[in-house]
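> sequence first, predicted coordinates after that:
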Amino acid sequence: MQSVSRVHSLFIVLILAWLYIYFQALVSMVNVWLGSETYSYCFFILPICIYLIYEKQEQLVRVKIKPALFLLIPLLLGQAIFLLSDLASIDVLTHLSAYGSLICLIGIVYGVDILKFLMFPLGYLILSIPMGEELIPVLQNVTADISVFLVELIGIPIYREGLYLYIPNGTFEVAEACSGIRFLISMIAIGTLYAYLYYQSIWRRLVFVALSLIIPIIANGIRAFGIIYVGHKTDMEHAVGADHLVYGWVFFSIVLLLLMAIGNFWREDLHDNTNAVESTETPKSVPLKLIQLQPTIQTTLILLLLTLSTLAFKPLYEKLVVGQYQQITTESPLLIFIKPKADTEFLVSFNPNFDKADNTYQAEVVHNNTKLEVYVAHFYADHKDSELINWGNRIYDIDKFSIINKQNITLENTNGDINATLLQLVTLNGVKRNLIYWYDVDNVRTSDKLTVKKTQLLNKLSGGSGGGSVVILSINDRQVTIKQIKQIGKSLPWL
């Protein structure tokens, strides 16, 4: 019993160290829960996991304790990922690093048998990590596809341009709020728990989780179709009101009940499977006094020092190697050119949003009788409060424009090639606009966000600030060709 108490004490010390090292990451995760209704369900995940572990307490105390030192390797790897993701300000990876490190600590102290026995509660905890909003553009398009298909199926004329849907007596937009991401993520959390509680075979659990993913997507498309249909039948009098009614808890409850009803067909009676569950989930009973490992004080201290040293990799590397970044405040030739032309009275028509930038410049440039709107947002340093690449930053006003075409283009320039992205946008009234944008970080000019993040990371690892700019050119000419755009880029030496 004394050795078991020593193991528990070791785990408490390591958890306190883990909380200290990952404190900022955990705070940012909770802030996301508080600030987004999409992830408010995350507050329930930890209590559910604790309850599921509590239910297994009688079997848990008989699981053999055997520290798994080999898990120090994935723990070290997790700390390296934590360092890189923190420097690159990729919150989802810092949160995943915190989760993975916690799992490794449990395995290091108590052994792999504990991880196997608590596989679902510990695995379910990953749903507390806020992620999935990256799927919003995909879900918007899927919702539009389903709704257009159903509208056409019943014979209502409809025309789609980007995310705008036109019917004879009205226009609809599949906005971000219509993507159904909040509904989808919640259903996955509920469906996964239901599958664990009411099924025993792996294939049934996987099928039900897959249904929890597919049904909400289809249901959201049907919901969007219903709004269009109501708008068509009522000559747009009740479409907005129907949206609030159908998309609320009433719609959520109906689909949830439908999913539970489908799942009930395959439900396995827990009472009939009690013996099977115990035989598959519960290891052979080993009384606490017969635990094979009898760690001495010396081995416990060695394990403590090794694990603490591994956990300390990230803060030590930041302190000793990365050090204080050298903030670069010199401006690029582009900024030197555009700054005198920037006019506080002039605002570009596509309304970009980079509100955390240190400087923003907006100007109109005439080139060969073609008017260019130029927007530059410059960040002297990249950190959590001021990021060049951030979910909240917008190239254009998503409430005003919708994308009808997107493609990568290469602009040849005297200062080197620019790997840019061309967006063809349209307003609700059918006005079209061309946007060309890219990021400029450490002389790397590209619109690929992963490349930009990698460049920022390498810059910060070598002691730099990771600062950079976003450059957006707008051509209000729907007839402009790719060839003309490339000629414009080639003939502007200040790019």
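Structure's in. What do you need?
> tell me how this protein divides into domains.
The chain breaks down into these domains under automatic domain parsing: 2-130+293-322, 133-271, 333-490.
> redo those domains as TSV? Include mean pLDDT and mean neighbour count.
From N, CA and C alone the C-beta is placed, and that goes for glycine too. Listed next are the domains of the chain as TSV, based on pLDDT from 0 to 100; neighbours: other CB atoms under 10 Å:
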stretch	mean pLDDT	mean neighbour count
domain 2-130+293-322	86	17
domain 133-271	83	17
domain 333-490	82	17
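> and the longest helix for this protein?
What stands out as the longest helix in the chain, according to DSSP state H, is helix 202-233.
> on contacts alone, who are the packing partners of that helix?
With contacts taken as 3 or more CB pairs under 8 Å, 6 or more residues apart in numbering; DSSP states H and E, helix 202-233 sits against helix 136-153, strand 164-167, strand 170-173, helix 181-198, helix 239-246, helix 249-264.
> take those and lay them out in TSV including distance to Leu450.
Shown next, in TSV, are these (distance: least, CB to CB, whole Å):
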stretch	distance to Leu450
helix 136-153	16
strand 164-167	29
strand 170-173	29
helix 181-198	22
helix 239-246	36
helix 249-264	35
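> quick one, which of the ones you listed is nearest to Gly464?
Gly464 sits nearest to helix 136-153 of all those, at 31.3 Å, using CB to CB.
> quick one: the closest one to chain centroid distance?
Distance of helix 136-153 from the chain centroid (CA atoms, centre = their mean, to the nearest Å) equals 22 Å.
> what's it packed up against?
Helices and strands touching helix 136-153, by 3+ CB pairs under 8 Å, 6+ apart, are strand 164-167, helix 181-198, helix 202-233.
> and Gly468, which of the ones you listed is closest to it?
Gly468 lies closest to helix 181-198 among these, at 29.1 Å (CB to CB).
> I would like the residues contacting the closest one, please.
Residues outside helix 181-198 that contact it (CB atoms under 8 Å, 6 or more residues apart in numbering) are 37-39, 41, 45, 48, 120, 124, 127, 132-133, 135-136, 139, 204-206, 208-209, 211-213, 215-217, 219-220, 252, 255-256, 259-260, 263, 267-268, 270.
> so which elements touch the helix or strand containing Tyr375?
Using DSSP states H and E, the element containing Tyr375 is strand 370-381. Contacts defined by 3+ CB pairs under 8 Å, 6+ apart place strand 370-381 against helix 333-338, strand 359-367, strand 466-475, helix 482-490.
> apply 7 Å and report the result again.
The contact analysis (3 or more CB pairs under 7 Å, 6 or more residues apart in numbering; DSSP states H and E) places strand 370-381 against helix 333-338, strand 359-367, strand 466-475.
> could you dump it to CSV, C-alpha only?
C-alpha atoms of strand 370-381 as CSV (Å, rounded to 0.1, in the frame of the first residue of the first chain):
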residue,chain,number,x,y,z
THR,A,370,-7.1,50.1,-64.9
LYS,A,371,-8.0,51.1,-61.3
LEU,A,372,-6.4,49.0,-58.6
GLU,A,373,-7.5,49.1,-55.0
VAL,A,374,-4.6,48.2,-52.8
TYR,A,375,-4.7,47.1,-49.2
VAL,A,376,-1.8,46.2,-47.0
ALA,A,377,-1.8,45.1,-43.4
HIS,A,378,1.5,44.9,-41.7
PHE,A,379,2.4,43.0,-38.5
TYR,A,380,5.8,43.8,-36.9
ALA,A,381,5.6,40.6,-34.8
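> okay, now the sheet partners of it, with direction.
Sheet pairing for strand 370-381, assigned by DSSP bridges, gives strand 359-367 (antiparallel), strand 466-475 (antiparallel).
> after it, which helix or strand is next?
Counting by DSSP H and E, what follows strand 370-381 is strand 401-411.
> which residues are contacting that following strand?
Defining contact as CB atoms under 7 Å, 6 or more residues apart in numbering, one finds that strand 401-411 is touched by 161-164, 173, 350, 417-427, 482, 485-486, 489-490.
> hmm, try it at 8 Å
161-164, 173, 350, 417-427, 432-433, 436, 447, 482, 485-486, 489-490, 495.
> give me the angle between it and strand 466-475.
Put simply, strand 401-411 runs at 110 degrees to strand 466-475, going by axes from the mean of the first three to the mean of the last three CA atoms, to 10 degrees.
> and Glu58, which of the helices and strands packed on helix 202-233 is closest to it?
Of all the helices and strands packed on helix 202-233, helix 181-198 comes closest under CB to CB, at 18.1 Å.
> export the closest one as CSV, just CAs?
Taking Å, rounded to 0.1, in the frame of the first residue of the first chain, the C-alpha atoms of helix 181-198 are listed here in CSV:
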residue,chain,number,x,y,z
ILE,A,181,-21.2,23.3,-37.6
ARG,A,182,-22.6,23.8,-34.1
PHE,A,183,-25.2,21.2,-34.6
LEU,A,184,-22.8,18.7,-36.2
ILE,A,185,-20.1,18.9,-33.5
SER,A,186,-22.7,18.5,-30.7
MET,A,187,-24.3,15.5,-32.4
ILE,A,188,-20.9,13.8,-32.8
ALA,A,189,-20.3,14.2,-29.0
ILE,A,190,-23.7,12.9,-28.1
GLY,A,191,-23.6,10.1,-30.7
THR,A,192,-20.2,8.9,-29.6
LEU,A,193,-21.3,8.7,-26.0
TYR,A,194,-24.6,6.9,-27.0
ALA,A,195,-22.6,4.4,-29.0
TYR,A,196,-20.4,3.6,-26.1
LEU,A,197,-23.2,3.2,-23.6
TYR,A,198,-25.6,1.2,-25.6
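> now do that helix against helix 249-264, angle only.
On the basis of the same axes, to 10 degrees, helix 181-198 is oriented at 30 degrees to helix 249-264.
> if we can go back for a sec, now the helices and strands packed on helix 136-153 in CSV, with distance to Lys116?
Formatted as CSV, the helices and strands packed on helix 136-153 follow (distance: least, CB to CB, whole Å):
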stretch, distance to Lys116
strand 164-167, 50
helix 181-198, 15
helix 202-233, 14
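> so for Tyr110, which of the ones you listed sits nearest?
Of all the helices and strands packed on helix 136-153, helix 181-198 comes closest under CB to CB, at 21.6 Å.
> contacts only, for the one residue sitting closest to the centre of the chain.
Closest to where the C-alpha atoms of the chain average out (CA atoms, centre = their mean) is Met131, at 3.8 Å. Residues near Met131 by CB under 8 Å, 6+ apart: Val92, His95.
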